[in-house]
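Enquirer: pasting the sequence and the predicted coordinates here, then a few questions.
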Amino acid sequence: RQLCAQALVQFLLDYPLGERRLQQHLEALAANLEYQHAAGRLSALGALRDVIARFPRDAVETHATFFFVPLVARLGADEDPACRRAAGEALTALLKRVAGTSAGGKLLALAVGWGVRPSGD
């Protein structure tokens, strides 16, 4: 699984893909975060962490919100401790990559928005 995930990330880095095709691959990767078996989710989380670490910074910034939401969901909802840990590692990598950028500001605003309750509650 790890070798396949590495091959996928290398393909995404090396093969000239248009934005639409790249988005399709990233969506498929994100969909695998919901895989039934923990081993599959771990593989998808590792691949996503590698995408975050190895893609050019501008590409990570472009897709930061798309990465952020499913990673936060995995961190809070996964039953498997190894998956939660991997989601936390990928989320940490993402936040470090976009720190100090407008994308980082958007992620912060999202997180703060989730934490703030409407005054009527």
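Expert: Now that the structure is in, tell me what you want to look at.
Enquirer: quick one: residue 3 from residue 9, how far?
Expert: Per C-beta to C-beta, to the nearest Å, residue 3 is found 11 Å from residue 9. For every residue, glycine as well, the C-beta is placed using N, CA and C.
Enquirer: of those two, who's got more company?
Expert: Applying other C-beta atoms under 10 Å to residue 3 and residue 9 shows that residue 9 carries more neighbours, namely 22 against 7.
Enquirer: so who does that one touch?
Expert: With contact taken as C-beta atoms under 8 Å, 6 or more residues apart in numbering, residue 9 is in contact with 47, 50, 51, 54.
Enquirer: hmm, the last one is touching residue 13, no?
Expert: Yes: with contacts defined as C-beta atoms under 8 Å, residue 54 counts as touching residue 13 at a distance of 6.2 Å.
Enquirer: over to the residue most central in space within the chain. Which of the three states is it?
Expert: Geometric centre of the chain, nearest residue: residue 67, 3.3 Å, by C-alpha atoms, centre = their mean. The three-state label given to residue 67 by DSSP: H, G, I helix; E, B strand; the rest coil is helix.
Enquirer: next, the nearest residue to it once chain neighbours are set aside: secondary structure please.
Expert: Closest residue to residue 67 apart from its sequence neighbours, by C-beta to C-beta, 6 or more residues apart in numbering: residue 94 at 5.4 Å. Under three-state DSSP, the three-state class of residue 94 is helix.
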